[in-house]
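J.: here's my sequence, what's the structure:
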Amino acid sequence: MTIDQMFAEMDLYGFEDFDDDAKLILINEAYFDIVTREAWPFMEGLATITQPSNDDTLNVPSNFQTVLSLVDSQNNIVLEPERNDVIEKNIRLNSDSGSPNKYYFVGDTLYLYPSDNTGTTYRLYYIKSPSVLTASSAVTDILIPVRHHSIIVYGALVKAFLVNDDPQAAVFQNMFESRYMQMRNDVWMRQYDRPERIHVITDSHDWAY
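T.: Predicted coordinates:
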């Protein structure tokens, strides 16, 4: 669904008096409400990063938000997360050397410990940071799968009715939450395949002594 199509659907519900800028604000609010609720599979990203030598920060992608896993793919080391204050007070005092085995954040900057001085290659699985939608945003700019774009409109309609102090906001809130659960069940269930097994369960009372 394009942004223009979202505008048109909002018009169908009686909001043709809202200009496109106002509608876009409501659409973005609904969009961010949805994508920030969970670490959705459609927000996952994968990056292979070759670290510059003699550097203790990792150059993450521009759309990076949260680490799912960080692996030194050259040395087969899974880096563990740690708090920066724990690194500072309890670990850095050891003056460890060798390949990094921990990562931590100071603000939005991701640091490695011990420092990397080998130009190592890392494999980073991460959650993407959603970008603000504009009137010219392409369908592919919307991280939510196309089949679920209607939930963005429902969320925007809830906010639009609230702006007008309209009691229909409660009705559309229910529609939004129902549609949200449909999307959640669809997105998180990646397979319905089940092994065909017969499990034999015995009860101790049936045992012969």
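
J.: alpha carbons only for contacts and neighbour counts from here, please
T.: Will do.

J.: from the contact counts, what lies against the helix or strand where residue 114 lies?
T.: Using DSSP states H and E, residue 114 sits within strand 109-116. For strand 109-116, the packing partners by 3 or more C-alpha pairs under 8 Å, 6 or more residues apart in numbering; DSSP states H and E come out as strand 55-57, strand 102-106.

J.: pull the CA atoms of it into PDB?
T.: Once non-C-alpha atoms are left out, strand 109-116 reads as follows in PDB (Å, rounded to 0.1, in the frame of the first residue of the first chain):
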ATOM      1  CA  THR A 109      28.200   3.600  20.100                       C
ATOM      2  CA  LEU A 110      29.100  -0.100  20.100                       C
ATOM      3  CA  TYR A 111      32.400  -1.000  21.700                       C
ATOM      4  CA  LEU A 112      34.400  -4.200  21.600                       C
ATOM      5  CA  TYR A 113      36.500  -5.600  24.500                       C
ATOM      6  CA  PRO A 114      39.400  -6.200  24.400                       C
ATOM      7  CA  SER A 115      40.100  -3.800  21.600                       C
ATOM      8  CA  ASP A 116      40.400  -5.300  18.100                       C
END
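
J.: now the strands: where do they sit in this protein?
T.: For the chain, the strands defined by DSSP state E occupy 44-50, 55-57, 64-72, 77-78, 80-81, 102-106, 109-116, 121-128.

J.: can you add mean neighbour count and give those back as JSON lines?
T.: Shown next, in JSON lines, are those (neighbours: other C-alpha atoms under 10 Å):
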{"stretch": "strand 44-50", "mean neighbour count": "16"}
{"stretch": "strand 55-57", "mean neighbour count": "17"}
{"stretch": "strand 64-72", "mean neighbour count": "17"}
{"stretch": "strand 77-78", "mean neighbour count": "16"}
{"stretch": "strand 80-81", "mean neighbour count": "15"}
{"stretch": "strand 102-106", "mean neighbour count": "18"}
{"stretch": "strand 109-116", "mean neighbour count": "19"}
{"stretch": "strand 121-128", "mean neighbour count": "20"}
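
J.: where among the helices and strands packed on strand 109-116 is average confidence lowest?
T.: Mean pLDDT values for those show the minimum at strand 55-57, a mean of 84.

J.: count the residues that sit near the closest residue to residue 51 other than its chain neighbours.
T.: Leaving out its chain neighbours, the residue that sits closest to residue 51 by C-alpha to C-alpha, 6 or more residues apart in numbering is residue 119, at 4.8 Å. Other residues near residue 119 come to 13 when the count uses other C-alpha atoms under 10 Å.
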